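Student: everything below, folded, please.
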Amino acid sequence: MLYNGIQRWLSVIDVADLIPVVPGLVEQFKPRLKYLLIDENVYNDYELASLNNLVAAVFRFEHADSPEAVQGLISLLIDWLDDRPDLRRMFSLWIRATLMRKPNYAIVLPQVDDLQEIKVVLSDRLEQWALAYIAEGEMKGRQEGEMLALQKLLSKRFGAIPADIPD
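Tutor: Numbering: from 1, shown residues only. Here you go, the predicted model:
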């Protein structure tokens, strides 16, 4: 079982654990069926980086928190898959689809067939992402500044504002 959900996996990994205890000799005949659980969220980036394999790279990619991290992982995949054009193509399609689904990147990528093409397209987009992050930070800063100014005006007019005001 490959699990990449947000919550921790809490289900049992053996069907036998779902069946109540059976008294006597019958207990030994209770059906057992185990599965291997690979919970992507129990690994941190450092642990995954040390594994140097494609599955770890996929996990790292899904949790990449910056365009630079994405670029680094694509470079690794280009090196690792140098002699596997079929896998390079599959990974490029998957990376494109994954990036377009991530709301924090908010980009549309052209159809590409190779990891090197993805890397070039993303290099062009890095500047756009940086400008978008700066604009988002400026917007948040303005909103916080306006909120502080409003709090000052209110406290000047009505006195101190209690810290425990309900929403």
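Student: L77 against R89, yeah?
Tutor: No: at 11.5 Å, L77 does not count as touching R89 under the criterion of Cβ atoms under 8 Å. All C-beta atoms are positioned from the backbone trio N, CA, C, and that covers glycine.
Student: settle it for me: which of these two has more neighbours?
Tutor: Neighbour count, other Cβ atoms under 10 Å: between L77 and R89, L77 has more, with 23 against 16.
Student: which element is the more buried one on?
Tutor: helix 67-80 (DSSP states H and E).
Student: next: L87.
Tutor: helix 85-101.
Student: that helix to helix 67-80, inter-axis angle?
Tutor: Angle, helix 85-101 to helix 67-80, by axes from the mean of the first three to the mean of the last three Cα atoms, to 10 degrees: 170 degrees.
Student: roughly how far is the next helix or strand after helix 85-101 from the heart of the chain?
Tutor: Sequence order places helix 115-158 as the next helix or strand after helix 85-101, per DSSP H and E. Mean C-alpha position of helix 115-158 versus that of the full chain (Cα atoms, centre = their mean, to the nearest Å) differs by 21 Å.
Student: what mean pLDDT does helix 115-158 get?
Tutor: Helix 115-158 shows an average pLDDT of 78 in the prediction.
Student: next, the angle from it to helix 67-80.
Tutor: 170 degrees.
Student: make 727 the starting number, not 1.
Tutor: That works, and once the first residue is 727, the last one we named lands at helix 841-884.
Student: for helix 841-884, name the packing helices and strands.
Tutor: Here helix 841-884 is seen to pack against helix 793-806, helix 811-827 when contacts are counted using 3 or more Cβ pairs under 8 Å, 6 or more residues apart in numbering; DSSP states H and E.
Student: relative to R758, which of those helices is closest?
Tutor: In terms of Cβ to Cβ, the element of the helices and strands packed on helix 841-884 nearest to R758 is helix 811-827, at 35.1 Å.
Student: just the CA atoms of that closest one, as CSV, please.
Tutor: Only the C-alpha atoms of helix 811-827 are listed here, as CSV (Å, rounded to 0.1, in the frame of the first residue of the first chain):
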residue,chain,number,x,y,z
PRO,A,811,14.2,7.7,-22.6
ASP,A,812,10.9,5.9,-21.9
LEU,A,813,11.1,6.7,-18.2
ARG,A,814,12.3,10.2,-18.9
ARG,A,815,9.2,10.8,-20.9
MET,A,816,6.9,9.3,-18.3
PHE,A,817,8.4,11.4,-15.6
SER,A,818,8.2,14.5,-17.6
LEU,A,819,4.5,13.9,-18.2
TRP,A,820,3.9,13.2,-14.5
ILE,A,821,5.9,16.2,-13.4
ARG,A,822,4.0,18.5,-15.7
ALA,A,823,0.6,17.2,-14.5
THR,A,824,1.7,17.4,-10.8
LEU,A,825,3.0,21.0,-11.1
MET,A,826,-0.2,22.2,-12.9
ARG,A,827,-2.3,20.7,-10.1
